Structures are given as structure tokens and as C-alpha cells.
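J.: quick one, fold the following:
(chains A and B)
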Amino acid sequence: MKRTPWFFRLLLRLFPAGHRRRFGEEMEAALRHRLEEGGRGPLGWIGSWSWAASDLVRHALGMWLARGRDGMRNGLGSVWSEGWGLDLRFVGRSLRRQPGYALTAVLVLAGAVAVNAGVASFVRGTLLAEAPYPDADRVVLAWGSNPRDGQLRDVVSGPNYLDLRRATGSLESLAAVHVGSAVLTRDGRPVVRDGLRVTPDFFSVLRVEPHLGRFFGAAERSSRGPASLVVSFEFWRDELGADPGVLGRRLVVDGEPRTVVGVLPESFHFLRSASLWLPLPDDLLAADARTRIHYHLVGRLRSGANPGEATRELSGVMAEIAGEHPEVRGWGILVERVQEASVLGVRSVLWSLVAAMGVVLLVALVNLVTLFRIRTLGRTGELRLRQALGAPAARVARVLGMEGAVLTGVGSALGLAATPWVLGLIRGRVPEWVYVPESALRVPVLEAVLDPWVAGAMIGTVLLAGLVLAGPALLDAVRVRTSLHPSGGWASSRGAAGTRWLVVAELALATVLCVGAGLTARSADHLLSTDVGLEPEGLLAVWVGDVGDRDATDRTAYYRRVVEAVEELPEVRSAAFIDYLPFLGEDDFAGIDILDARRERDRELREEWRRVGEGLLETAGMRILQGRPFDSDDFRGAPRSAVVNESFARKHFDDGEAVGAFLTVHGEPYEEVEVVGVVADLRTLGPGASAPPVLYVPQQGGPRGSQGLLVRTEEGREMALAARVQDAVWSVDPSQPMAGMAPMSTMVDAWVAVPRAIRLLVMGVAAFALVLAAVGVFGVVGYAVRQRTTEFGVRVALGASPERLRRSVVLEAVPWVGLGVGSGALLGVLAARAADALLYGVRPWDPWALAGALGTMVGVALLAVWLPAQQASRVDPARVIRPE
Amino acid sequence: MHNIAEDHLPLKPRRHLALLLLAEEPTYGIALMERLEARSGGRIRLNAGSLYRMIGGLVDDGLVEPLEEVAAGVGAPRKHYGVTHLGRSVLRAEARRQADLLELARGLDLAGEVE
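T.: Model (predicted):
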């Protein structure tokens, strides 16, 4: 059966419900019949459609009218028509008479509810969500922390972990995790997967149970133990075909056959999801140097213990270790709940959103009350008439209350319906992954959905606030006394003044938000325009997996051949290797000695270092500030030169004069090197954070298996090149595992995503508040103008020019607008001072932000005054004065 | 004695014709709509809104009732309507009323070509 066009289905809804129930389907059939026989061609089509439509409208109205007549005739017969039903129909009619008012009120409320429910759901879903482990508030991360060197949240070395594990006062257990990747060889092809290496107690710390098989046990504590492997549920399902007999199957990981002993539960993740989980044996941990830091530590607090106690206890252990091993002096341990650590990166965004949302809700409610009051005041005459004709005050209040309830109900329902969309909008602006501040750890931002609790709380708040705020207006209406006035009656001046104060409050609140938005935008601009230290556009970053067991000379030759093969591609301008790609949050430290520098001699100096291939600084587009970059001679023979970054030069040399200084690097084959140049800092900890000191030395042999390759090409063509770069690498060695590629711009973007998100969201919220405030001003001034129509008419009749009338209306509003915007600006600056930490590079009284916010507010407010003023100047004196 | 049927008099032309057609043969909405148009020589053309407002009125007044059996033809089942006992009384009363009027008109030689 064909469907009835939606337009006609809509018209059918005009009929009384009972009639639709009885005849709805048949009417649709008859309608389709008429439309189909309606003739061909546009004329026939138009004729049959307009006939059907007018027939429906006419008879639907006819039926309602007939009903009304029957209702009157039956008098008190029906409770419905006499009581609530009649009131409801009355409310419907009076709202239809002023559709602008009804639409504005519904949209204001819907917008406020949608924004608030969206933000609240998002905050509940991310900030307040439980981590997915039993007793999650006892699961903690223990960071290596060296605040004096600016390393607040760092990893810990193997031997230090083994010592820390023995401290059992506040911790039940402590496990070590190595976040990295693993090469899986299947059908002879190497593929790189996310891989985590964990000590066997990891799973008991999190209290996770296997989906299949078992996790690691005592046997895996030694590297001579079984070569076991645990896989994620998703890997088992997608790549092992959800094989129930998977246990005992052998997979080649990092070149070694391993036996699958267990499958993790579905969607299990710790800090990130990984496909392959390998054991981290104690002897491997013990064999490392105390300064080779690699491991994240995760522990479970004893019940009743808190992170502060654990921090003190573990830092005490570190101090003891430092007694025997001076190279770790200065390092303590910072213990944080895993839940808190995972939201550190987005907390500022979320709280600023929550604050903004609270103000918006307030603005919206004040706005609604203003509208409601204006409407009630405008109906004073009608309400008086009703009371004069014997309607009890309670009945008048009931009608007004019902009108409020209808508007609130429709507005809230629309708002909640739009909430998923707002949630999607927020979700799309907040990055999927955020870095834990001051650490190399990236954690996912959890998904959020509209929460029934939030929805319920939202409706409750709106109703309660509506009742509290609209109460005075209702009382006003009821108090209207029965003095019938021929011209329709006037609002008490007290009522009108009250409305003006409401608008002043609304303007002030909106100005606070605008000032906030201006400051946020300015600080985001500062952050986003901060030089990251390289030219990300046109730079392709390639992760190249382990090159296998070549010796050092072999590796050097191999890297050279790979660079040559890639540079042969016509679009490639240059290519170069680096041991750790920047902006991935990885770090690597070397012990160094600086000769003749202002430094403390009480402990070994450790700084980040990078071993770079020939042409790396040029390929990356890093700016040389002093001296020279590496030249090809620096890569021949034993390494004798080094380049340092700005932070390094500032930290270790008077006046930052580093060129010409000599350093000793503790690490084969580096010995004494001369600083030949200073490069600009890479803002690898985000644009707002200070950059760590870094030493760059020529790569010799490449002690690290996996490498980063930077390829410079045309802007925007990075990924188009990806497949050919891969082929070029494989043309040198087809067994070379490739871990992935990404344009450097996306990696840099990850760092600025949070400030960018704050800027967008706060500005969106402020724009909404601005619209609300404009609606409020427009409503109040428009009302005042309507009330004074007679006066304007008389003035026109006496010869006042339209220009003069317009000016008088605008001038009367100026003090109110000025008061609202001025007090809002003051409050905004005070609020910004309180939230100073969220600003970057701007002061709370930043003149540009203030001028922008005030200019926008005053402009919009004056426009909202101007439109009714225009109306005042067009009053027709003849029409207005006649009734008088 | 008060005749309930006379409360419904006079019948409007379209109501009258619809009742007569349904008395002739119970049928469903669309068919009634077509037959009204054919029998009135195209003067009574109803659309969905007017047709069912009329049928609804006839049902509410107890002159017409939906029939139990629903004819299963091609397509969706169609509800048929038939004239009630009261409906037939109303038709008879209307016919009598019009017959009286016709008689009067004939006496005044105003009946024209009516037989």
C-alpha cells in the first residue's frame, strides 16, 4: 500500500482524536484515492492537492467548532470542558495568538536544556566515570617524579621497581608495565601491534579475570620460564577467529615463538588497549641500569590507605636507594589514583564547560521569567476583565501556571531530544586521546551518552527553578484587582521595573560569559600560534620497526640505504632518521658531564637526548638559533659534535652561550662532544608547557632497534606518499616491519586539541547566552514600547519626528544596558582572576578580550533596543488616538 | 406520540442521498463517495474530510452503522456501512415530508415536470 504524503498526515492530525481513531485509516485511503485520480500533469496535481487540503482543514475546523457549540450548550455537563480541559484549550488558543512568545520560550528552554544535559552527561561519562576495575578507587599509578628537573610524571627503572615492590605498608601489590609495541610474524610477514609487557602480578592488581585460560604466574617471573602470551578479546575474536581451542596455539612475537595461555575479557584496557600482552620477568628488570627508566608502575592500595601515604612511603624507599646509588638522587615517587590521572588532561576543559553551562542555565531561566512577566503584565487588562466577570483568582493562576507547564514541558522534551546531538558536538570537539599532563602517557577520553539521571535531574531543575522564579509573576497576576480600565489596564510600574532589573541581571550574566569567551579565545590563540619548533606541514612521520640483529656498522649502512631509497621518490625533498619521533610523548635520557658550566656537582646530570641521522634538523624544519647545524663531516668517524636546544643552553650556560662548550656523554660510542649549534625548542609537552632540555648527537650505528623516519614533501601530500615510502623501505629489506605513518601535523594537533576544544565550546556557549540576552532586551523594550503606543501617537500628532521618538526609546534603555554590561564586565574580570590558571599568555583584564566582549554585548543589546524603537517611530496617530 | 425519526428532518441533500444509497446496498467509504458523485450527476463531490465528517455524523446520530462483516477484496480490508432501523424510519419520514410538499406544489401548479 502506498503511503499518504506526510503533509496530509499532518493535516489529518487537525481532526479530534476520537474521530481520527474511528476513521483515520479510512480517511487516508479515501484521500489517496482522490489524490491518485486527481489527473496528471502539474495542474491536475495542484488541483487535487489543494482540494484535499482545504477540505481537510475546513472540516476539521468545522468539527471543533461544532464541539465548542455543544460544550457551551451542555454547560456544566462535562468536567473536561469546564475544568482543566477548557483551561488547556484556552492556553492553546492564547499561545496560538502570540506564536512568537510561545516559540521563543520553547526554543530558549530547549536550548538551555540541551546544552546543560549534554555537558552534564559528558562530565558524568568522563570525569566521574568509574574505571572498569573492581574497587577502582584503590588502583593507583606510581610515577617516578623529579620536580626539580621538571619531570613530574615519569617512568621508573627496573631495579628501582624491584626495590619499591618490597615496600608493603600502604600498597597491597605493585606491578610494572612497559608500554610499547610487538612485532607479530604471520605467514612470514611482520606486522607491528600494540604490545604491553607486564609483571605477572599486574592482573591481580587490577583484579581482572581471564575470558579464557589463565594469566601469567610465578613461572613467568623468570626469563627462563615458559614463553607465554596473553591476547586481547578483540585480537582473539578478529584475528584468531574466536577459536575456542586457542589455548596452546603458538604465535611468533618479536621473532620468538610464544604459547597463548589466556584471553583477556572483552574491551579490557589499561591506559590503552593492546592486542598482545607479554610477561616482564624479574631478571630482565634487575639487569637494567638504575637510570634506564622504562616502566609505568600500577599498584593497589591497602584498604584505608591513601595515595598520599603511599607517595611518602615509596619516596622514602627512593631516598634509601639514592644512599647507595647517587645517580638516582632527586627522584621520588608520586602516587595518584588511576582514575584521577586519566582525566587530568581534560579536567580543565570539563570544569570550564560546567561553569559556563551553569551561567547559561541561569541566563535562560532569568530570560524565561522575563518573558513570562512581560506576557503577564501585557495581559493585565484581560486578567482584570476575567476577575471582574467572576473568575476566581485561583482559576486565573491555574491558567497561567498551566501555560508555563505547557511551555516547560514542550521545551524540555525538545531539549532532551536534541541532547544527543549536543553530546555529539562536544564529543567531536574533544580529542579522542589526551596526554596525562607532564607525562608521556596517553589515555582515551571515555564515551558519554545521555544519562537518564542527568535527564531527570535536568527536568527537575527546570521545573523547580521555573516555579521559584516564576512565582512572583504569578502572584502579581493574581493580585491584579478588579478595577476595570477602558484602555485595557496598565502594568504597575513596580512590575515593569522588576522586569528591567531581570534584564540587567541577564545582560550582566551574558557579559560574564562573553568576557570568559574572549579571554579563552585569546589564550587559545596564543597557544595555537606558539611556535612548536618544527614545520609540521608537509612532514610525514614513519615508524620503522626493529631492524633485527644487525651489528652497528650494518645498521648505519642499512639506514643510509633506506634514506637513499626514499629520497629517490620524486616528491620527496629529504628524509632522515631519528631514534624517537617527537610529539609521541616518548623520552630517553643520557647521563652527561658539562665542562665549565654552572651546574651542581652533587649528582650525575641527566638530560634527554636524541640520536639523529644526517639532515634530520633540516628535514624537520628546526630553526638554528646559534652556531650551525650538523654537516656531513659530523657523521663520518667517531661523533665529535652535538647540537642542544634553547632550554638546554639556558639551563646549563650563562647567557645561553652554549656553542663551543664541551660535554661528555655517557653512552657508547659517544664520549667528548663539542656543542656546534643551538636549535629552537620543540614544544613536545604541549604549547603551554615549558620544553625540556634536549641534546642532539649524530646517530652512529643506532643502538635502538626501532626508529622514526621523517620525510619532507609538499604540504598536504603527506599521506598520498605513504604507500610509495613503504615500498621504498621494503625495496631495501622486504622483512622490515613498518609500524605506521602519520602526517606530523596530526601529531602536533593532538597537543593543541584541548585548548582548541575549550575555545570552541566556551565560545559556542557564550554565543548562546548572547542570543538569550538579546531576546530578553528585545522583549522588555518591545513591551515598553507597546505599552506607550498611545503616548507615541500623541507625540506624533503634536509634531514629534520619528527620529526623535526613536532616540528617546534608545536613550531610555541606555542606562539599563550600560548597568548590565558594566557590572557583567566587572564580574567577568573577577571570575577570570579566580580562574587565572586556565589562561595562557593573557591577563584577566586583557584589553582586547574585554573590548571585544563589551563591544559585542553593547552592539547586540542596542540592536535589540533599536528594533522596537523603530516600531515606536512608525506609530499611526490616527489609529491610536481614536479610541481615546 | 413524538416520532424520534422526525427529529432528524429535514435531511440535507447529501445526507439524504448517502442514506438512500446505503439503504440500496451497504458499502464502504470510497465506493459511497463514487456513487454519490455518479448519482448526483457530479453535483455532490466529497473528499476525505467531508465524507467522513458526514459518515461520522450519520453514525453518531444512529442512522448508519458499521457492519460486522468486512469485505476482503484486493488490498486492505474495507469497513462497510449499512442503514440502521432508525435510518430507514428517517428515510420514510423524509419521503413522506417531501411527498406532502410535492402534493402542495402540484395543487398550486408549481410541480413542473415532476411526475
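J.: so how far does stretch A:570-579 reach from one end to the other?
T.: Using C-alpha to C-alpha, to the nearest Å, the end-to-end distance of stretch A:570-579 comes out at 25 Å.
J.: in it, which residues are buried?
T.: A:Val572, A:Ser574, A:Ala575, A:Ala576, A:Phe577, A:Ile578, A:Asp579 (16 or more other C-beta atoms under 10 Å in any protein chain shown). Placement of C-beta: from N, CA and C, glycine included.
J.: so how far is chain B from the last one?
T.: It stands for A:Asp579. Using C-beta to the nearest C-beta, to the nearest Å, one obtains 75 Å as the distance from A:Asp579 to chain B.
J.: go on, the fifth one?
T.: As judged by C-beta to the nearest C-beta, A:Phe577 and chain B stand 74 Å apart.
J.: try the fourth one
T.: Counting by C-beta to the nearest C-beta, the gap between A:Ala576 and chain B amounts to 75 Å.
J.: likewise for the third one?
T.: As defined by C-beta to the nearest C-beta, A:Ala575 lies at a distance of 71 Å from chain B.
J.: helix or strand with the lowest mean pLDDT in chain A?
T.: helix A:79-82 (a mean of 44; mean pLDDT, DSSP states H and E).
J.: all strands of the stretch 751-884 of chain A, in order?
T.: Counting by DSSP state E, counting those that start in this stretch, the stretch 751-884 of chain A has no strands at all.
J.: any low-confidence regions in it?
T.: Residue ranges of the stretch 751-884 of chain A with pLDDT under 70: A:751, A:837, A:881-884.
J.: where does the prediction get shaky in chain B?
T.: B:1-2, B:68-77, B:113-115.
J.: now the stretch 151-300 of chain A
T.: A:188-190, A:271-272.
J.: ranges for the strands of it?
T.: Using DSSP E, counting those that start in this stretch, strands in the stretch 151-300 of chain A cover A:151-154, A:156-157, A:171-186, A:189-198, A:212-213, A:228-231, A:250-253, A:256-263, A:276-279, A:293-301.
J.: export those as JSON lines, with columns for distance to A:Arg756 and mean neighbour count.
T.: Shown next, in JSON lines, are these (distance: least, C-beta to C-beta, whole Å; neighbours: other C-beta atoms under 10 Å in any protein chain shown):
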{"stretch": "strand A:151-154", "distance to A:Arg756": "23", "mean neighbour count": "19"}
{"stretch": "strand A:156-157", "distance to A:Arg756": "33", "mean neighbour count": "24"}
{"stretch": "strand A:171-186", "distance to A:Arg756": "26", "mean neighbour count": "20"}
{"stretch": "strand A:189-198", "distance to A:Arg756": "27", "mean neighbour count": "19"}
{"stretch": "strand A:212-213", "distance to A:Arg756": "43", "mean neighbour count": "18"}
{"stretch": "strand A:228-231", "distance to A:Arg756": "37", "mean neighbour count": "25"}
{"stretch": "strand A:250-253", "distance to A:Arg756": "38", "mean neighbour count": "16"}
{"stretch": "strand A:256-263", "distance to A:Arg756": "39", "mean neighbour count": "19"}
{"stretch": "strand A:276-279", "distance to A:Arg756": "34", "mean neighbour count": "25"}
{"stretch": "strand A:293-301", "distance to A:Arg756": "28", "mean neighbour count": "23"}
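J.: need those strands in TSV with distance to A:Asp836, can you?
T.: Formatted as TSV, the strands of the stretch 151-300 of chain A follow (distance: least, C-beta to C-beta, whole Å):
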stretch	distance to A:Asp836
strand A:151-154	20
strand A:156-157	33
strand A:171-186	34
strand A:189-198	39
strand A:212-213	53
strand A:228-231	47
strand A:250-253	50
strand A:256-263	50
strand A:276-279	44
strand A:293-301	32
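J.: up against chain B, what does chain A have?
T.: A:1, A:15, A:19, A:22-23, A:25-31, A:33-34, A:51-52, A:55-60, A:62-63 (C-beta under 8 Å from any C-beta of the partner chain).
J.: among the residues you listed, which ones are buried?
T.: Buried among the residues of chain A next to chain B by 16+ other C-beta under 10 Å: A:15, A:19, A:22-23, A:26-31, A:33-34, A:52, A:55-56, A:59-60, A:63.
J.: so what secondary structure elements neighbour the helix of greatest length in chain B?
T.: In chain B, with assignment by DSSP state H, the single longest helix is helix B:85-107. Judged by 3 or more C-beta pairs under 8 Å, 6 or more residues apart in numbering or on different chains; DSSP states H and E, helix B:85-107 is in contact with helix B:13-24.
J.: try it again at 10 Å.
T.: Contact here means 3 or more C-beta pairs under 10 Å, 6 or more residues apart in numbering or on different chains; DSSP states H and E; on that basis helix B:85-107 packs against helix B:13-24, strand B:64-71, strand B:78-83.
J.: now do the end-to-end distance for stretch A:119-137.
T.: 24 Å.
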